[in-house]
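> here is my input; please provide its structure:
(chains A and B)
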Amino acid sequence: MAGITIKGLSKHFGARDADVAAVSDLDLDVNDNQFVTLLGPSGCGKTTTLRLIAGYIVPDAGTIHVDGRLVSSPGHVVPPDARRMGMVFQNYAVWPHKTVFENVVFGLKIRKVPAAQARRKVEETLALVNLAGLEQRYPNELSGGQQQRVALARSLVVEPEILLLDEPLSNLDAKLRERMRTELKVLQRRTGITFVYVTHDQSEALALSDMIAVIHGGRLQQYGAPFEVYSQPANRIVADFMGLVNLVPGKVLETANGRGTVEAASTLRLHVAVPAGTTPGEAVEVAIRP
Amino acid sequence: MDATPAGGTAATLTMPAPRLVRRVPRWRLEHVIMAAAVVALIVLVVLPLTFLLIGSVRGEQGLSFEHFAEVLTGRLYLSALQNSLILGAWTGLFSLAIGLLLAWAVSRTDVPGKGLIKVTATLSYLSPPFLTAIAFVYLFSPNAGLINVLVRDVAGLPWLTFNIFSMTGLVLVTVLHTFPFVFLLASSALQSVDASYEEAAQILGASKLRTAVSITLPLVAPAVLSGTLLAFVNAIALFGSQAIIGLPGRVVTLPTRIYALFDYPPEYGLASALSLVFVIITVAALYLQRAFLARRSYATLAGKGSRPQLMVLGPLRWVLFGFAVLVFLVSIIAPYSTLLAVSFSKSWGLDFWKNLTLANYRFILFEYNVTQRAIANSLVLALLAASIAVLLGAVIGWIDLRSRVPGRKLLDYAALVPLGLPGIVVAVALIQFWLKMPLALYGTMAILLLAYVGRYIPLGVRSANASLRQVDPSLEESAQILGASWTTTMREVTLPLIRPGLFAGWLLVFVPVIQELSASILLFSSSSITLAVAVFNLYETGYTEPVAALAMINMAIIGVAIWLAYKIGGGGIAARGGREGAVA
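Numbering: from 1, shown residues only, chains lettered A, B, ... in the order given. Okay, here's the model as predicted:
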């Protein structure tokens, strides 16, 4: 499998001087075999990042390496069809004129897998996503959840090193979303494929990820394990985005071993974790989750 | 996921290694195809127009505006310009009146026979105007026209005779072809105006008339005006009816004047200058039309609202129905029954029914040696032109919508330019260009093909563009990331998905090409003669009855072509088209 290294990645849309940066100066290391989530509100640049990784877009600056191999830089982009990645789109993008079988077998045909072997692999993959027996259906005869599984099977059957998922659950109803979430996690563990998962749903990110990259305004705000991002937000934006939070202004009284005492609302004294480098006397905001 | 399949998990499956680090050549096939499309567009449209421009300003000694000076001061040319504008204005006005009335009747009233009105509009639009013109000559030529003979000699009412060879006659025949432009745009606009706009006015106390005038009319006005301008542009470009009806009545218009300039010795410079004046008029009208249509957005944005309440007309609806039937009789029944009757009669006149014969068909099909060649030529040209225009349109549409090639918008505009070119102007431009090239194309099938593809490329681009917009880019991207090359993606995903739209575009090109006269008339030779030119020549030579037989054959071919095309390509695709559009 493969890891991804992103350095100084930037992408503007429209006129440069208008300064509508979709992504600016992004650094990210995705380790092999990890489930990494790009989390942020809509329009924050997470989908652009994903499409940069896939090779659909040429970056304005920065580089993307996969397993140490340069795949994207402003002057040179390996096209998506030569990247050995998989991608699941928000709208699934299941081809409406092909049956379930034809959809899933497509990538194997491209790789010239012999027909019998391809058929077996498609059947196995469809079984893996609980779609056995629906091979001859057309997408319009499937439910949203089933279409989503077809898209997943289509990406998995070619055993990509990296699977990119662009809000794959956002079009499902709440109950199905919950179930698919679990299944995705199990799938990632079982296949060992590196997942890069885009979502705006923080609970989804917390439940699924090995690592979460919080993106806001095209910039990486924090990159860490779910618990770390949740309990030790790097800034107010992250704290705010990671769930219900009360922000109280206060003043640091003393610090020791990463914890400290903060006076808040002039009467409260709170013992909380403080970021490294915090000095007594500093004005801070305390994030309190209910 | 829940259940582990017996065969193992995806992780344990083995896979032949795909091209991990595939070499990415600098020039991939898609670049070659796109470049070819750009070159084709340049050869089809840009270069001929450039040579037309050069030809119009080249005198004996280099640059000169003598041709323009003559065209803009000479009495012959000014009267042609004036006649064209008069024709266009009256045609536009009557198209507006008839088209809007029928559109309102169909979409807002309880008039009976709505199907009839729609069929009338469609058939009138599809009918070759030069055939309608010939049919009306059989009925209303001053001396021998059947109806004129009837009212003058039988009924004894000479003041009731009507001379078709006049501006009035020309306007009548042209309107029958152009009113559908207003009808189609107006009825779609009327249907898309959300009823709540009108209901909101009514609840505030506005009467029905007041609502119609102050709410509905302004909302649909852009579409109606745009349809009127389209009627204008199309009316002044029709060579056939203007030659058949205008010339005997000494009503010379721009197309017929340009045509006359090619009598020996041909006046290429004057023809080019006059063509450019012609283009300026049509382009100005089309520019206005697009500007109007752009403003239409606010009427359609709300679309899909509640259906408007149909107005109950009472006895008045029979008056409206009578009008619709009249239009049907004049535009469809009269010309076609006349052509049919003439084609079976030994000699056209009051007693034609006494001597019915098949001799005309025998003559046309087996004895007149031009017919078979003309039919074969027209079919081959229409098949080729429609296919090329649509494929080229697909590539240009794809470049415009999907690629990031710089200048792609320019390409799109270049492909729309021919909309502003009357057929005869396309012919003049092609002559100017290809006569200067070392390739002897003039008089071959190839130059006709170039003219047809060039003229109708906008229809190909339009239909490809519209269908591509229905296909979400992610459908292509998901093929790409699975390792599919551009060509594979096109073949497996994009083309199958846009096929219904391309097919509609194909028909849209095929039907006008098989009846094309305006450009063909300057470009044909005896070996490359087409069906429409054969009809026109036969008519000019005075073969009254055989012309009608050939005209019927022409109509039959158009009818069969449309029917066959729907049969072969339409059925299955149309059925699935719905769901294809829905997912993407």
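
> does residue B:453 touch residue B:391 like I think?
No. Counting by CB atoms under 8 Å, residue B:453 does not reach residue B:391; the two are 10.0 Å apart. C-beta coordinates here come from the backbone N, C-alpha and C atoms, glycine included.

> so between these two, which is more surrounded?
When residue B:453 and residue B:391 are compared for neighbours, residue B:453 comes out ahead with 27 against 18, by other CB atoms under 10 Å in any protein chain shown.

> what's that one in contact with, if anything?
Residue B:453 is in contact with B:44, B:385, B:388, B:389, B:392, counting by CB atoms under 8 Å, 6 or more residues apart in numbering or on different chains.

> what do you get for residue A:68?
residue A:5.

> ok, back up a step: between the contacts of residue B:453, which has the most around it?
residue B:389 (30 neighbours).

> what about the closest residue to that residue other than its chain neighbours, distance to residue B:404?
Nearest non-adjacent residue to residue B:389, counting by CB to CB, 6 or more residues apart in numbering or on different chains: residue B:460, 3.7 Å away. Using CB to CB, to the nearest Å, residue B:460 is found at 22 Å from residue B:404.

> same check on residue B:395?
Distance from residue B:395 to residue B:404, by CB to CB: 15 Å.

> tally of neighbours for residue 265?
As the question left the chain open, I've gone with chain A. Quick note: residue A:265 (other CB under 10 Å) scores 10 neighbours.

> could you do chain B instead?
7.

> now do the phi/psi pair for it.
As for residue B:265, its main-chain torsions (degrees, to the nearest 10) stand at phi -80, psi 140.

> how is chain A carved up into domains?
A:4-237, A:244-288 (automatic domain parsing).

> of all these, which gets the most neighbours per residue?
domain A:4-237 (a mean of 19; mean count of other CB atoms under 10 Å in any protein chain shown).

> averaged pLDDT, it. What do you get?
In this model, domain A:4-237 has a mean pLDDT of 89.

> wait, residue A:237 sits on residue A:216?
Yes. Using CB under 8 Å, residue A:237 makes contact with residue A:216 at a distance of 5.0 Å.

> show the pLDDT at residue B:525.
Residue B:525 carries a pLDDT value of 91.

> er, residue B:568 I mean
Note for residue B:568: predicted pLDDT of 63.

> for residue 89, what are phi and psi?
Going with chain A. Per degrees, to the nearest 10, the backbone of residue A:89 is at phi -90, psi 160.

> what about it, distance to residue B:473?
Distance, residue A:89 to residue B:473, by CB to CB: 10 Å.

> stretch B:269-280 - what's its average pLDDT?
92.

> buried residues of it, list them for me.
Buried residues in stretch B:269-280, counting neighbours by 16 or more other CB atoms under 10 Å in any protein chain shown, are found at B:269, B:270, B:271, B:272, B:273, B:274, B:275, B:276, B:277, B:278, B:279.

> nearest to residue B:359, of these?
Set against residue B:359, the nearest of the buried residues of stretch B:269-280 by CB to CB is residue B:271 (40.3 Å).

> which non-adjacent residue is nearest the closest one?
Using CB to CB, 6+ apart, the closest residue to residue B:271 is residue B:261 (4.3 Å).

> wait, what's in contact with the one you found?
B:267, B:270, B:271, B:274.

> same check, this time on residue A:200
A:39, A:40, A:41, A:42, A:46, A:167, A:170 are the contacts of residue A:200 under CB under 8 Å, 6+ apart.

> so the fifth one is in contact with residue A:37, correct?
No. Under the criterion of CB under 8 Å, residue A:46 lies out of contact with residue A:37, with a separation of 9.1 Å.

> between the two, what contacts are shared?
Common neighbours of residue A:46 and residue A:37 (CB under 8 Å, 6+ apart) are residue A:198.

> for stretch B:228-237, the distance to its chain's centre please.
11 Å (CA atoms, centre = their mean, to the nearest Å).

> hmm, I was thinking of stretch B:339-352
Centre to centre, stretch against its chain (CA atoms, centre = their mean), the figure for stretch B:339-352 is 31 Å.

> in it, what counts as buried?
B:339, B:340, B:341, B:342, B:343, B:344, B:345, B:348, B:352.

> run through who's touching that stretch.
B:131, B:134-135, B:138, B:144, B:146, B:149-150, B:153-154, B:353, B:355-361, B:544-545, B:547-549, B:551-552, B:555.

> whichever of those end up buried, select them in PyMOL.
Buried residues within the contacts of stretch B:339-352, by 16+ other CB under 10 Å, are selected in PyMOL with:
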select buried, chain B and resi 131+134+135+138+146+149+359+360+361+544+545+547+548+549+551+552+555
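
> picking that back up, what's the closest of the contacts of residue B:453 to residue A:59?
Of the contacts of residue B:453, the one sitting nearest to residue A:59 (CB to CB) turns out to be residue B:392, at 33.2 Å.

> give me the more crowded residue out of residue B:460 and residue B:404.
residue B:460 (29 against 8).

> quick one, what contacts the most centrally placed residue in chain A?
The residue lying closest to the centre of chain A (CA atoms, centre = their mean) is residue A:197, at 2.4 Å. Shown in contact with residue A:197 (CB under 8 Å, 6+ apart): A:35, A:36, A:37, A:38, A:165, A:168, A:184, A:205, A:208, A:209.

> now render the residues you listed as CSV, adding secondary structure and distance to residue B:494.
Below are those laid out as CSV (DSSP: H, G, I helix; E, B strand; the rest coil; distance: CB to CB, whole Å):
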residue, secondary structure, distance to residue B:494
A:35, strand, 33
A:36, strand, 32
A:37, strand, 32
A:38, strand, 29
A:165, strand, 24
A:168, coil, 23
A:184, helix, 29
A:205, helix, 34
A:208, helix, 33
A:209, coil, 35
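
> residues touching residue 253, list them.
Here I'm looking at chain A. So, once contact is read as CB under 8 Å, 6+ apart, residue A:253 ends up touching A:260, A:261, A:262, A:263, A:269, A:280.

> actually chain B
So residue B:253 contacts B:80, B:83, B:84, B:87, B:236, B:242, B:246 (CB under 8 Å, 6+ apart).

> let's see that with 7 Å instead.
Neighbour list for residue B:253: B:80, B:83, B:84, B:87, B:242, B:246 [criterion: CB atoms under 7 Å, 6 or more residues apart in numbering or on different chains].

> just residue B:288 next, same as before
Per CB under 7 Å, 6+ apart, neighbours of residue B:288: residue B:229.

> low-confidence ranges, the stretch 251-400 of chain B, go.
B:295-309 (pLDDT under 70).

> and the residue of it nearest chain A?
residue B:398 (15.6 Å; CB to the nearest CB).

> how close does that residue sit to residue B:504?
17 Å.

> more crowded one of those two?
Neighbours per residue (other CB under 10 Å) separate residue B:398 from residue B:504, with residue B:398 holding more: 23 against 20.

> tell me how far the helix or strand hosting the more buried one lies from the chain's centre.
Following DSSP states H and E, one finds residue B:398 within helix B:369-402. Mean-position distance between helix B:369-402 and its chain equals 14 Å (CA atoms, centre = their mean).

> I'd like the next helix or strand past that helix.
Going down the chain from helix B:369-402, the next helix or strand is helix B:408-416, by DSSP H and E.

> gap between that next one and the chain center?
The answer for helix B:408-416 is 20 Å, by CA atoms, centre = their mean.

> does anything pack onto it? Which helices or strands?
helix B:29-41, helix B:369-402, helix B:445-470 (3 or more CB pairs under 7 Å, 6 or more residues apart in numbering or on different chains; DSSP states H and E).

> where does residue B:2 land on pLDDT?
pLDDT at residue B:2 comes out at 42.

> next, count neighbours for the residue nearest to residue B:104 when sequence neighbours are not counted.
Leaving aside its chain neighbours, residue B:104 sits nearest to residue B:190 (6.5 Å; criterion: CB to CB, 6+ apart). The tally of other residues near residue B:190 (other CB under 10 Å) stands at 21.
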